[in-house]
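Chemist: Here's my sequence, what's the structure:
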Amino acid sequence: MDFAVDALGPCRKRVKVTVPPDRVQEEYDRQYDEINDTVALPGFRKGRAPRKILEKRFGTTLSGEVKEKLVKTAHEKLIDDKQIEPLRPPEIDFEALEVEPEKVFEFEFEVVTKPEFETPAYKELEVEIPAVHVSDEQIDGAVDHLRRSEAALETVEDAEVTDEDVLVVDWKALDGDSVEAHDDNAYYLFGRGVLANFVAKGLDDALRGAKAGADASVKVRVGPDDPREELRDRELDLRVDLKEIKRYLLPEVDEAFLKRHDYDDVEEMRADIAKKLGRLAGRERDRLAEEKLVDSLLAGVEMSLPEEFVEKELENWARQKRTGLEIEQVPAEEIEKKIDEERADAKTHVEKDLRRFFLLDRIADAEEVKVSEADLLQAIQAIAHAYGRPEEEVLASFRDGDRITELASQIRHRKTSDLIRRQAKLVEAQDAEK
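Modeler: Now for the predicted structure:
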């Protein structure tokens, strides 16, 4: 096979393929042998049917198989020989292609390719990292977090609503005088701004400082994807009656508390917490170091991106932004205005993310970074734990949506960033307090 590759612009090439007659005939022979070995024609044993009968009966089908096989082989050879690095398979009109035995087969196609750029030197870089410190205030906060894990939710009498209170309310969603939905003794986490799937802007302001027995009324706009079909896209009045104020009461750090958490005394608890916070701070420092290293590499790389990929990512951003604003009940005309105002910044972020993707992909190829089944399983387990869902359900959702490839790519790039950091020289910044 002979190839002529012409650049049409950044990340786009036209490829002309010429397949010599002997290679075309070889593929025809292979296809005929295969069908002769698998199909039994009346009056002939398998493998014994004359070629002319096979050509008459299966000629059109086999020509299609030959075309697909030769095109696929050409595409694979282009990739293996590093002549192109496609981002997706080319779109080829097979019906328009003509192939005949013992004749030259020519075809051409356009393909979107990965960006072409010089791989920067990524080994033994130097990066400054902050020193890891764990303060008494951080330890105090972690102790409070541990206490909150055992906190009891109790009603407080004659109290005023404050942040992080849990309110017990009766609510009604009304259209005029008609009650469209309601519930009694519902729990509302003050400060969240969402009650019973209604995004209730202004509800917190209306209830802040109130006592049990107070009421409030706010306008709500029901989202287009609300599970209650009869309420979708409607504007309703949400009326709330405050019945109780509940608060989480934290346990004392006493002997029983320490024993439940397997500590002998307060000093041991605080030392253990300090050690755990230090490890967390170290992991965060590693992450920041990796970001700085990759950013420094990107700063020295000239890379033209495939514009259609940039536009596709921008469309995804705009769709997610629009959905979020609709949930917040922003008017339609304001939504489009806000998207237009933020599009330029979004494009900058999209382009940076794509450049980062292609750079890490290139280094991962150079370092032969692999993703194992164990890596994927560990990631699935972490996602399942974070969202409180069964591992099998999370795995099925990734496989059904073909998101497993995207997850593997993310893991591969994380490994690559980690590799760049481990090969770098990390210089700890001088502590300004010393």
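Chemist: can we go C-alpha only for contacts and neighbour counts from here?
Modeler: Fine.
Chemist: so Ala4 is in which element?
Modeler: strand 2-9 (DSSP states H and E).
Chemist: if you average pLDDT over that strand, what comes out?
Modeler: Averaged over strand 2-9, pLDDT sits at 88.
Chemist: can you offset everything so residue one is 725?
Modeler: OK, 725 is where the count begins now, so the last one is strand 726-733.
Chemist: Parallel or antiparallel, list what pairs with that strand.
Modeler: Partners of strand 726-733 in the sheet, by DSSP bridges, are strand 736-743 (antiparallel).
Chemist: where do the helices sit along the stretch 775-924 of the chain?
Modeler: Applying DSSP state H, counting those that start in this stretch to the stretch 775-924 of the chain gives helices spanning 775-804, 860-872.
Chemist: angle of the longest strand belonging to the chain against helix 860-872?
Modeler: Ranked by number of residues, the top strand in the chain under DSSP state E is strand 959-973. Following axes from the mean of the first three to the mean of the last three C-alpha atoms, to 10 degrees, one obtains 100 degrees for the angle between strand 959-973 and helix 860-872.
Chemist: So which other helices or strands are in contact with strand 959-973?
Modeler: Strand 959-973 sits against strand 876-879, strand 890-899, strand 939-945, with contacts defined as 3 or more C-alpha pairs under 8 Å, 6 or more residues apart in numbering; DSSP states H and E.
Chemist: quick one on the thing from earlier: next, format the helices of the stretch 775-924 of the chain as TSV and append mean pLDDT, distance to Leu960 and mean neighbour count.
Modeler: Putting these into TSV (pLDDT from 0 to 100; distance: least, C-alpha to C-alpha, whole Å; neighbours: other C-alpha atoms under 10 Å) gives the following:
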stretch	mean pLDDT	distance to Leu960	mean neighbour count
helix 775-804	80	58	15
helix 860-872	95	36	15
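Chemist: Tell me the confidence at Glu904?
Modeler: Confidence score, pLDDT, at Glu904: 94.
Chemist: and it, how many neighbours?
Modeler: Neighbour count for Glu904, taken as other C-alpha atoms under 10 Å: 14.
Chemist: cool, and the one 4 residues further on?
Modeler: Taking other C-alpha under 10 Å as the criterion, the count of residues near Asp908 is 13.
Chemist: was I right about it contacting Asp894?
Modeler: Yes: Asp908 is in contact with Asp894 according to C-alpha atoms under 8 Å; the separation is 4.2 Å.
Chemist: residue ranges with poor pLDDT in the protein?
Modeler: 760-761, 763-775, 777-783, 1125, 1155-1158 (pLDDT under 70).
Chemist: Backbone dihedrals for Pro814, please?
Modeler: phi -70, psi 150 (degrees, to the nearest 10).
Chemist: what's near enough to touch it?
Modeler: Phe833, Glu834, Val835, Val836 (C-alpha atoms under 8 Å, 6 or more residues apart in numbering).
Chemist: rerun that using 7 Å as the cut-off
Modeler: Phe833, Glu834, Val835 (C-alpha atoms under 7 Å, 6 or more residues apart in numbering).
Chemist: thought the first one was touching Arg738?
Modeler: By that I understand Phe833. Yes: using C-alpha atoms under 7 Å, Phe833 is in contact with Arg738, at 5.7 Å.
Chemist: Show me this protein divided up by domain.
Modeler: 726-836, 876-973, 1010-1152 (automatic domain parsing).
Chemist: so how far does the longest one reach from one end to the other?
Modeler: Across domain 1010-1152, the terminal residues are separated by 12 Å (C-alpha to C-alpha, to the nearest Å).
Chemist: and that domain, how far from the chain's centre?
Modeler: 6 Å (C-alpha atoms, centre = their mean, to the nearest Å).
Chemist: Report how many residues lie close to Leu1012.
Modeler: Applying other C-alpha under 10 Å, I find that Leu1012 has 14 neighbouring residues.
Chemist: And for the strand holding Ala728, what's in contact with it?
Modeler: By C-alpha under 7 Å, 6+ apart, strand 726-733 touches Lys737, Arg738, Val739, Lys740, Val741, Thr742, Val743.
Chemist: Just the buried positions in the helix or strand hosting Asp746, please.
Modeler: If you go by DSSP H and E, Asp746 is part of helix 745-762. Going by neighbour count (16 or more other C-alpha atoms under 10 Å), the buried part of helix 745-762 is Pro745, Arg747, Val748, Gln749, Glu751, Tyr752, Gln755, Tyr756, Ile759, Asn760.
Chemist: hmm, back to that, any shared contact partners between Asp908 and Asp894?
Modeler: In contact with both Asp908 and Asp894: no residue, using C-alpha under 7 Å, 6+ apart.
Chemist: ok so, going back, possible to save the helices of the stretch 775-924 of the chain as a markdown table with distance to Ser902?
Modeler: Formatted as a markdown table, the helices of the stretch 775-924 of the chain follow (distance: least, C-alpha to C-alpha, whole Å):
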| stretch | distance to Ser902 |
| --- | --- |
| helix 775-804 | 64 |
| helix 860-872 | 41 |
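Chemist: of all those, which lies closest to Val851?
Modeler: In terms of C-alpha to C-alpha, the element of those nearest to Val851 is helix 860-872, at 26.4 Å.
Chemist: list the contacts for Pro1114?
Modeler: Contacts of Pro1114 (C-alpha under 7 Å, 6+ apart): Ala1108.
Chemist: same check, this time on the one 5 residues further on
Modeler: For Leu1119, the set of contacting residues under the criterion of C-alpha under 7 Å, 6+ apart consists of Ile1104.
Chemist: measure it to Glu1097 for me?
Modeler: According to C-alpha to C-alpha, Leu1119 and Glu1097 sit 12 Å apart.
Chemist: And for Leu732?
Modeler: 39 Å.
Chemist: out of those two, which sits in the more crowded spot?
Modeler: The residue with more neighbours, out of Leu732 and Glu1097, is Leu732; 12 against 9, by other C-alpha under 10 Å.
Chemist: which of the helices and strands packed on strand 959-973 is buried the deepest?
Modeler: strand 890-899 (a mean of 20; mean count of other C-alpha atoms under 10 Å).
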